[in-house]
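Colleague: Make a model of this:
(one chain, ligands or ions: 1)
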Amino acid sequence: MASPDRKREELFARLSLEEINSGTFYGRWSKQKTNALIKSYSPIDGSLLASVSSTSPVDYDKLVSHSEKSYKEWVEIPPPKRGSVMLKIGQALRNAKEDLGMLVTLEAGKTISEGKGEIQEMIDIADFSVGLSRQLEGLVLASERPWHRMMEQYVPLGPIGIISSFNFPSSVWSWNAFIAAVCGDTSIWKPSSKTPLAAVAIMNVVSSVLEEEGVPQIFSLMTGSGEEIGSKMASDRRIKLISFTGSVQSGKKVSLLVSERLGKSILELGGNNAAVVSDHADMEIALKGVAFGALATAGQRCTSTRRVIVSDKIYDTFVKKMEKIYSEVSVGDPRKSGTLVGPLIDESAVRKFEAAISEAQKEGGRLLAGGTRAKIKGLDGYYVKPALIEARPDMEICKTETFAPILYVFKYHTLEDAVQIHNSVPQGLSSSIFTKDLLESEYFISHRGSDCGIVNVNTGTAGAEIGGAFGGEKDTGGGRESGSDAWKNYMRRQTITINYGKELPLAQGVEFKI
Ligand code: UN1
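Modeller: Have a look, this model is predicted:
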């Protein structure tokens with residue numbers, strides 16, 4: 001049997017990762033070395049996976065110029081033809097699914113199933129973009145003037161920027177890049193400095209397809225810190241749209257820089273998602289939905305369930321069952337089948353987990369399960385035992401997003417109270433209600449209910465499909481990406497009026513005689 005190191009070498013060879021030590025791709029890998037090395041460590045055991053050279057100022061400009069140049073060629077290719085290129089990309093991702101999934105597991109610490117799921121999410125959006133490439137529709141509107149026609153159409157933007165986070169090191173890029181591609185845009189990706197390898201591997205896959213298809217290299221990659229490269233992208237007028245996924249704090253900075261130049265942005269910021277569990281819920285479904293939402297990806301999803309609001313009629317039973325799940329949940333090596341919770345991304349994430357728990361206890365919260373570091377034999381990674389905390393909704397810590405597996409439990413009496421608690425946080429990404437009562441679920445999904453961008457009934461806050469528009473309100477930033485009509489964000493809208501008559505009637509009946 002191959003040793004773990006040998007297996008890793010073989011994986012890297014299959015993904016063409018052994019030679020590359022550059023984090024800059026613009027039609028080819030840049031050979032320019034910078035002093036700033038971006039090191040990718042595996043959270044599984046803290047080992048160094050590889051390091052890449054960050055993007056130099058000279059390369060930055062070369063890359064943006066490349067993206068502008070390839071846009072000029074790409075935009076001339078009709079959308080359905082762009083779609084057929086995306087079909088090939090989807091196929092290449094299918095072929096590389098196991099390997100890319102394993103790389104995501106190694107670099108981000110996701111379980112094997114979640115690592116593969118992330119690549120599946122890319123395949124799904126590739127498929128979606130193929131269909132979309134024949135459906136980029138506009139509108140014909142009624143004109144108030146005789147012999148006039150009004151229309152609305154969408155035209156491409158140009159190069160767009162994608163700044164993504166470590167927790168979905170590949171799929172969130174594809175939500176943006178693939179949709180933008182069929183819309184006619186090119187894209188520039190700055191991944192998280194914690195997960196540069198997934199980005200490098202994906203660039204290898206997609207650039208080979210573009211080369212084989214004989215089309216321009218529309219996907220570029222740059223690496224570096226958010227403060228330096230991220231800010232530069234946000235201020236760069238050549239980059240028409242910035243799609244940013246990350247914390248509220250960083251998102252505000254990006255948003256200010258982009259709006260200073262009146263550019264467009266899509267903000268996908270923090271969540272503080274809650275599930276309401278009614279006494280009309282199917283208990284097993286509610287337990288599974290809440291547990292998946294709170295524990296998957298070790299609580300490091302934007303969509304992770306951070307609060308559960310339980311009816312006082314079933315509170316004791318629900319909490320007891322949840323305590324059992326938490327005490328038995330398998331934390332450990334994400335490469336092992338049976339592991340449900342892998343490591344946190346790094347030591348600083350573990351410290352934030354610990355700090356939030358002691359803060360919650362100071363504010364009067366009661367730790368019901370977990371909440372400590374977990375020792376995993378032979379692995380020097382960042383493992384914790386997920387924390388279940390009985391809390392009050394007015395506690396300050398419950399209004400903050402801690403990117404770790406901490407679930408606060410609250411009790412409610414009426415559904416109106418539950419919704420009030422639910423909406424009492426600054427963030428507004430995803431929400432759930434578990435109930436079999438039609439009136440309750442209708443209330444929750446109406447304007448009287450959840451104030452989030454994503455609302456679920458009898459399924460958890462995490463694990464959205466790509467077909468819907470993904471995003472949230474309030475501090476989450478208001479952006480929408482992925483499915484539905486989110487493609488419109490990657491294009492600019494034109495209202496067109498055509499006079500095909502022999503006179504010039506004016507709108508609003510205005511007379512102008514010359
Ligand atoms: C994120 O955490 O930034 O809905 C994205 C989900 C995933 C995507 C999460 N499909 O949980």
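Colleague: all contacts plus neighbour counts: C-alpha atoms, from now on.
Modeller: Will do.
Colleague: Ser70 contacts Thr186, correct?
Modeller: Yes. Shown here, Ser70 and Thr186 form a contact pair, counting by Cα atoms under 8 Å, at 7.2 Å.
Colleague: Tell me where the stretch 151-300 of the chain is predicted with low confidence.
Modeller: Across the stretch 151-300 of the chain, no stretch falls below the confidence threshold (pLDDT under 70).
Colleague: What segments of it are helices?
Modeller: In the stretch 151-300 of the chain, the segments counted as helices under DSSP state H, counting those that start in this stretch are 171-183, 196-213, 231-235, 248-260, 283-295.
Colleague: Now do the same contact list for Ala486.
Modeller: Residues in contact with Ala486, defined by Cα atoms under 8 Å, 6 or more residues apart in numbering, are 469, 480.
Colleague: What confidence value was assigned to it?
Modeller: At Ala486, the predicted lDDT confidence score is 98.
Colleague: what's the answer for the one 5 residues further on, then?
Modeller: The predicted structure scores Met491 at 98 on the pLDDT scale.
Colleague: Give me the distance between the nearest residue to it once chain neighbours are set aside and Gly479.
Modeller: When the adjacent residues along the chain are set aside, Met491 lies closest to Pro156, with 4.6 Å between them (Cα to Cα, 6 or more residues apart in numbering). Here the distance between Pro156 and Gly479 works out to 18 Å (Cα to Cα, to the nearest Å).
Colleague: you'd agree Ser113 is in a strand?
Modeller: No. When the secondary structure is assigned by DSSP: H, G, I helix; E, B strand; the rest coil, Ser113 falls in helix instead of a strand.
Colleague: Neighbours of Arg448, how many?
Modeller: Using other Cα atoms under 10 Å, the number of residues around Arg448 comes to 12.
Colleague: tell me the contacts of Val64?
Modeller: Residues touching Val64, when contacts are defined by Cα under 8 Å, 6+ apart, comprise 159, 188, 238-239.
Colleague: Save these as CSV, and put in neighbour count too.
Modeller: What follows is the contacts of Val64, written out as CSV (neighbours: other Cα atoms under 10 Å):
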residue, neighbour count
Pro159, 30
Ile188, 26
Arg238, 17
Ile239, 24
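Colleague: Relative to the ligand, how far out is the residue most central in space within the chain?
Modeller: Nearest to the geometric centre of the chain sits Val172, at 4.2 Å (Cα atoms, centre = their mean). Using Cα to the nearest ligand atom, to the nearest Å, Val172 is found at 7 Å from the ligand.
Colleague: In this structure the residue nearest to Met491 contacts Asn489, no?
Modeller: No. Here Pro156 does not reach Asn489: they are 9.8 Å apart, not a contact under Cα under 8 Å.
Colleague: The two - which one has more neighbours?
Modeller: For Pro156 against Asn489, the residue with the higher neighbour count under other Cα under 10 Å is Asn489, and the figures read 23 against 20.
Colleague: so who does the more buried one touch?
Modeller: With contacts defined as Cα under 8 Å, 6+ apart, the neighbours of Asn489 are 266, 480-481.
Colleague: Mind pulling the model confidence for Ala2?
Modeller: Note on Ala2: pLDDT of 62.
Colleague: Quick one: residues contacting the residue in the stretch 51-200 of the chain that the ligand sits nearest to.
Modeller: Scanning the stretch 51-200 of the chain for proximity to the ligand using Cα to the nearest ligand atom identifies Phe168 as nearest, at 5.9 Å. When the contact criterion is Cα under 8 Å, 6+ apart, the partners of Phe168 are 118, 301.
Colleague: Please name the nearest non-neighbouring residue to Lys399.
Modeller: When the adjacent residues along the chain are set aside, Lys399 lies closest to Val425, with 5.1 Å between them (Cα to Cα, 6+ apart).
Colleague: With Ile314 instead?
Modeller: Across the structure, with Cα to Cα, 6+ apart as the measure, the residue nearest Ile314 apart from its sequence neighbours is Asp279 (5.8 Å).
Colleague: repeat for Phe403
Modeller: Using Cα to Cα, 6+ apart and skipping the chain neighbours, the partner closest in space to Phe403 is Gln300 (5.1 Å).
Colleague: what's the burial count for the one you found?
Modeller: Counted with other Cα under 10 Å, the neighbours of Gln300 add up to 22.
Colleague: backbone phi and psi for it, please?
Modeller: Note on Gln300: its backbone torsions stand at phi -110, psi 40 [degrees, to the nearest 10].
Colleague: Kindly report the same for the one 4 residues further on.
Modeller: With angles defined as degrees, to the nearest 10, Ser304 sits at phi -50, psi 140.
Colleague: How about the contacts made by it?
Modeller: When the contact criterion is Cα under 8 Å, 6+ apart, the partners of Ser304 are 271-273, 293-296, 461-462.
Colleague: Just name the closest of those residues to Ala360, please.
Modeller: Using Cα to Cα, Asn272 is the member of these that sits closest to Ala360, with 15.2 Å.
Colleague: Surely Met151 touches Ile496?
Modeller: Yes. Met151 is within contact range of Ile496, at 5.0 Å (criterion: Cα under 8 Å).
Colleague: ok, those two, which is more surrounded?
Modeller: With other Cα under 10 Å as the criterion, Met151 and Ile496 differ in neighbour count, and Met151 comes out ahead with 15 against 12.
Colleague: what's the more buried one in contact with, if anything?
Modeller: Going by Cα under 8 Å, 6+ apart, Met151 touches 138-141, 495-497.
Colleague: Point out the residues in the stretch 401-514 of the chain that sit beside the ligand.
Modeller: Among all residues of the stretch 401-514 of the chain, those adjacent to the ligand (criterion: Cα under 6 Å from any ligand atom) are 462-465.
Colleague: Reformat those as CSV; add neighbour count and pLDDT.
Modeller: Formatted as CSV, the entries for those read as follows, by neighbours: other Cα atoms under 10 Å; pLDDT from 0 to 100:
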residue, neighbour count, pLDDT
Ala462, 26, 98
Gly463, 15, 97
Ala464, 16, 97
Glu465, 13, 97
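Colleague: circling back to that earlier point, could you check how far the residue nearest to the centre of the chain is from Gly115?
Modeller: Per Cα to Cα, Val172 is found 13 Å from Gly115.
Colleague: Let's see the distance spanning stretch 433-446 from one end to the other.
Modeller: For stretch 433-446, the separation between the terminal residues is 12 Å (Cα to Cα).
Colleague: buried stuff in it?
Modeller: Residues of stretch 433-446 classed as buried under the neighbour-count rule (16 or more other Cα atoms under 10 Å) are 433-435, 440-441, 444-445.
Colleague: And for stretch 246-255?
Modeller: By 16+ other Cα under 10 Å, the buried positions in stretch 246-255 come out as 246-248, 250-251, 254-255.
Colleague: Quick check: Val419 vs Arg335, distance?
Modeller: The span separating Val419 from Arg335 equals 39 Å under the rule Cα to Cα.
Colleague: same thing with Thr305?
Modeller: Thr305 sits 24 Å away from Arg335, taking Cα to Cα as the criterion.
Colleague: out of the two, which sits in the more crowded spot?
Modeller: The residue with more neighbours, out of Thr305 and Arg335 and counting by other Cα under 10 Å, is Thr305; that gives 32 against 18.
Colleague: List the contacts of the more buried one.
Modeller: The neighbourhood of Thr305, defined by Cα under 8 Å, 6+ apart, consists of 272-275, 290, 293-294, 299, 407, 460-462.
Colleague: wait, which of these is closest to the ligand?
Modeller: Sorting the contacts of Thr305 by distance to the ligand puts Ala462 at the head of the list, at 3.9 Å, by Cα to the nearest ligand atom.
Colleague: Thank you, goodbye.
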